[in-house]
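1. How does the following fold in three dimensions:
(one chain, ligands or ions: 1)
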Amino acid sequence: MTDLQLIEKLCEARGASGFEDEVLEIAREYCKDFAKFEEDSMRNLYIVPEYNKGGRPLVMLDAHSDEVGFMVQAIKPDGTLRFIPIGGWNEKCLPSSKVQVYTRSGYISGVIAAMPPHLMTAEQRNAPVSYSTLAIDVGATSDKEAERFGIEIGAPVVPLSPFEYDKKHGILHGKAFDDRLGVAAMLMCLKKMKDCDSAVDVFGVISSQEEVGERGITAAMHRVKPDCAICFEGCPADDTSAPSYMIQDALKGGVMLRHMDATVICTPRFTSFACQTAKTHGIKVQLAVRSGGGNNGAYIISANGGTPVIVAGIPVRYIHTFNGIAAMQDVESNVELGVALLKELTGEIIKGF
Ligand SMILES: [Zn+2]
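-> Numbering: from 1, shown residues only. Predicted coordinates for the structure are as follows:
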């Protein structure tokens, strides 16, 4: 599997929070020649490379497998589906978007219904988007028919947004870039370390349910005791919305190292070390200070009596909508920084964090 194929497969995988199985299958396939796996009941996947020597400081690489999605709440008499969000959406992008709905025989296509303007009253035109009035339409004409389609209450729903790679410009288009690009970068990094010298051992955690409150990593941190951790994330690019002096996560700007967000102040000495390492290796980084948002680092940093953590973000335009845009070179910078850190970290340096 090439790196691009890995990215494509991961982004096309259907994995709303709690239903991440397809992502794990792809990760297992990609790593099967150099790693062993464990999986827990929350669908956290632990990837332990066979090249580890043992008895050395342990570095955890983390990326979350889930994507924002929806869940079918009820089937209406007209055959359309009432649903609720899984994770935080920009609701304004929902009407008229295509989705995939899980059925007993696999996913089928649907659309989030948008009324033709001919049928709308002035009041409906001006009303805000609300889950209480939205519905998913799979083409069924009654609740009985929707049931015959194999749709059940509790069915997960994800966007239907085909993956595209614009090779000429190095641009990725698709869904779930938060955090499948992080998963891809993490897996590529684990694979590259096969051929690198390092003073530390490493393992990967593909954690579940980040989008609903970092639930997977919370369980995982009861099971693993790393000496430090790197979170690979897909982060909201701000270069088409912020004033120039506030742009901190630009497309093609390289790895975003996050000093803080609403949930975590990343370990400052580790962040400084990552900046320095990037400089030494000529890897592009950009520094971000966020007042909102959150990530798995929030749980890692205070787990097991304190675990040094940094967040390495890949800029993604329009995350938590149906169509994201990202740059291949930013994914590559993330992999390069991960590899550089694993080569440079030592027990002594980690103790100094
Ligand atoms: Zn994320």
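2. The closest residue to residue 91 other than its chain neighbours: what's it in contact with?
-> Spatially, and ignoring its direct neighbours in sequence, residue 91 is nearest to residue 129 (4.3 Å; CB to CB, 6 or more residues apart in numbering). Quick note: C-beta positions are derived from backbone N, CA and C, even for glycine. For residue 129, the contact set (CB atoms under 8 Å, 6 or more residues apart in numbering) comprises 91, 92, 94, 95.
3. Now the buried members of those.
-> With burial judged by 16 or more other CB atoms under 10 Å, the buried subset of the contacts of residue 129 is residue 94.
4. The ion next: which of the contacts of residue 129 are close?
-> Among the contacts of residue 129, no residue lies close to the ion (CB under 5 Å from the ion).
5. List the ones among the contacts of residue 129 that fall in strands.
-> If you go by DSSP state E, the contacts of residue 129 have nothing in strands.
6. re earlier: helix or strand for the residue nearest to residue 91, which one?
-> For residue 129, there is no helix or strand it lies in under DSSP states H and E.
7. Could you dump the contacts of residue 129 into JSON lines and include distance to residue 308?
-> Putting these into JSON lines (distance: CB to CB, whole Å) gives the following:
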{"residue": "91", "distance to residue 308": "37"}
{"residue": "92", "distance to residue 308": "39"}
{"residue": "94", "distance to residue 308": "39"}
{"residue": "95", "distance to residue 308": "44"}
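8. Next, count neighbours for residue 134.
-> Here the number of neighbours of residue 134 (other CB atoms under 10 Å) works out to 20.
9. Could you do residue 168 as well?
-> Residue 168, neighbours per other CB under 10 Å, totals 6.
10. where's it relative to residue 158, distance?
-> Residue 168 is 29 Å from residue 158, where distance means CB to CB, to the nearest Å.
11. before we move on, what about residue 103?
-> In terms of CB to CB, residue 103 sits 13 Å off from residue 158.
12. my guess is residue 235 contacts residue 181, does it?
-> No - using CB atoms under 8 Å as the test, residue 235 is too far from residue 181 to be in contact (9.8 Å).
13. okay, these two: which has more neighbours?
-> residue 181 (32 against 27).
14. what residues are up against the more buried one?
-> Residue 181 touches 7, 10, 11, 172, 234, 314, 316, 326, 331, 334, counting by CB under 8 Å, 6+ apart.
15. do the same with residue 2
-> Contacts of residue 2 by CB under 8 Å, 6+ apart: none found.
16. Tell me how many other residues crowd residue 326.
-> Neighbour tally, residue 326, other CB under 10 Å: 27.
17. counting contacts, what elements does the helix or strand bottoming out on mean pLDDT in the chain pack onto?
-> Lowest mean confidence among the helices and strands of the chain (mean pLDDT, DSSP states H and E): helix 122-126, at a mean of 86. For helix 122-126, there is no helix or strand it packs on, judged by 3 or more CB pairs under 8 Å, 6 or more residues apart in numbering; DSSP states H and E.
18. before we move on, the earlier item: which one of residue 103 and residue 158 is surrounded by more residues?
-> residue 158 (25 against 17).
19. Give me the spatial nearest neighbour of the more buried one, chain neighbours excluded.
-> residue 69 (4.4 Å).
20. from memory that neighbour sits against residue 87, does it?
-> Yes - under the criterion of CB under 8 Å, residue 69 makes contact with residue 87 at 6.9 Å.
21. who touches both of residue 235 and residue 181?
-> With CB under 8 Å, 6+ apart as the test, residue 235 and residue 181 both reach 314, 316.
22. Got the domain ranges for this protein?
-> What automatic domain parsing lists as the domains of the chain is 3-67+175-351, 69-159.
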